[in-house]
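>>> I'd like to go over a predicted model; first the sequence, then the structure.
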Amino acid sequence: MIKSVSVCFLNIRKWATNPRIYIIISLLFTLIYHFVSPLISICYHTGYRITPWIFPFLIDNVSFQILIMLGVILLFCDAPFENQMQAYFLIRCNRIQWALGQTIYIYISSLFYLLIVNIFIILILLQVVYISPEWGKVLSTMANSNLSSMVRVFNVSSKIISDYTPLKAFFISFFLEWCCCTVIGLIIYIFNSIFSRFIGIIIASSIVLFDIFISAGLRSFIYHFSPISLPKLSILDTKGLSDYPTLEYALIVFPIVIIVLNIISIIVTKNKKILISTNNLT
């Protein structure tokens, strides 16, 4: 396990010299600022500060969720992360340890990615945010009025407000979103390893964009098969009385899928002929 963790942190250490990471961070900040900054005007006009529980409502937005996941694809597009430095670890550890290190890297990178998203949310709203265990006046008003459409900001779901406490909504949506990022990363890793980098990116992009077709009018039952839809708390049926996936379904299916994809990634890596190119140093 120590060798696997070393493989993981080798990839993370390369972030400092990887221009793609800085591009991702810049795009993330621009995206979040575009969606979140109108809340500052709402706070100034209403005279109320806003609580920091924005994340569940942001990923509930189809456009935001798709753009965030496209950022995940950009983050993992170079899977299976083969480079000259990795050759030294392949000499010192077996392929299973090396594959585990790469999947651990996907877990940790996904976690860092979402932490950065939430840090940017707080930084942008820093002048108007306050900490409270409640949803607060601004979010509650947005959920029960047409204020969101008036100022052209993302929708605040009244279903999330009524079904969840702020802390519960945040941690559940964060966990499900982390699982979703991990699934996307593992899918890219597997298909890039079997075929080529373009195949993994195309398949992952198709999965991400599938959410558009569902929201355009496909049966609600199809949400069961859309990884990027399951973190959206507004579509999860907390009572199990509809065709929509339940919260329990999302919390159970994601870990099972991740375990299966992990096993597949190890098998693929074990049987794959790995060629380390001295030109592939990013």
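Here it is on my side, so go on. Just so we're clear, the structure is a prediction, and the values are computed from it rather than from any experiment. Numbers count the residues shown, from 1 in each chain.

>>> drop to CA atoms for contacts and neighbour counts, all remaining ones
Noted.

>>> Give the ranges of residues in the protein that sit below the confidence cut-off.
The model of the chain has pLDDT under 70 over residues 82-92, 273-282.

>>> Give me the residue at the spatial middle of the protein.
Central residue of the chain (Cα atoms, centre = their mean): Cys181, 3.9 Å from the mean position.

>>> Ser110 is in contact with that one, correct?
Yes. Between Cys181 and Ser110 there is a contact under Cα atoms under 8 Å: 5.7 Å.

>>> Tell me who's in contact with the residue nearest to the centre of the chain.
69, 72, 110 (Cα atoms under 8 Å, 6 or more residues apart in numbering).

>>> again with Phe9
Contacts of Phe9 (Cα under 8 Å, 6+ apart): Tyr105.

>>> Check for me that it belongs to a helix.
Yes. Applying DSSP: H, G, I helix; E, B strand; the rest coil, one finds Phe9 inside a helix.

>>> So it versus Pro38, what's the distance?
38 Å (Cα to Cα, to the nearest Å).

>>> Work out for me the element the residue nearest to the centre of the chain sits within.
helix 166-194 (DSSP states H and E).

>>> tell me which residues in that helix are buried?
166, 169-170, 172-194 (16 or more other Cα atoms under 10 Å).

>>> what's downstream of it, the next helix or strand?
Following helix 166-194 in sequence, per DSSP H and E, is helix 197-215.

>>> List of residues touching that following helix?
By Cα under 8 Å, 6+ apart, helix 197-215 touches 62, 66, 69-70, 73, 77-79, 184, 187-192, 220, 222-223, 226-229.

>>> gap between the helix or strand just after that helix and the chain center?
Next helix or strand after helix 197-215 toward the C-terminus (DSSP H and E): helix 247-271. Centre-to-centre, helix 247-271 and its host chain are 16 Å apart (Cα atoms, centre = their mean, to the nearest Å).

>>> Taking helix 166-194 as reference, get the angle to helix 247-271.
30 degrees (axes from the mean of the first three to the mean of the last three Cα atoms, to 10 degrees).

>>> packing partners for helix 247-271?
helix 95-124, helix 166-194 (3 or more Cα pairs under 8 Å, 6 or more residues apart in numbering; DSSP states H and E).

>>> Buried residues, that helix. List them.
So, applying 16+ other Cα under 10 Å, buried residues of helix 247-271: 247, 250-251, 254, 258, 261-262, 265-266, 268-270.

>>> Out of these, give me the two with the largest separation.
Greatest spatial distance among the buried residues of helix 247-271 (Cα to Cα): Leu247 and Lys270, at 35.2 Å.

>>> quick one: the residue nearest to Trp15 when sequence neighbours are not counted from Tyr113, how far?
Leaving aside its chain neighbours, Trp15 sits nearest to Ile21 (6.2 Å; criterion: Cα to Cα, 6 or more residues apart in numbering). If you measure Ile21 against Tyr113 using Cα to Cα, the figure is 10 Å.

>>> Leu125 too?
From Leu125 across to Tyr113, the span is 19 Å (Cα to Cα).

>>> cool, and Phe254?
Phe254 is 18 Å from Tyr113, by Cα to Cα.
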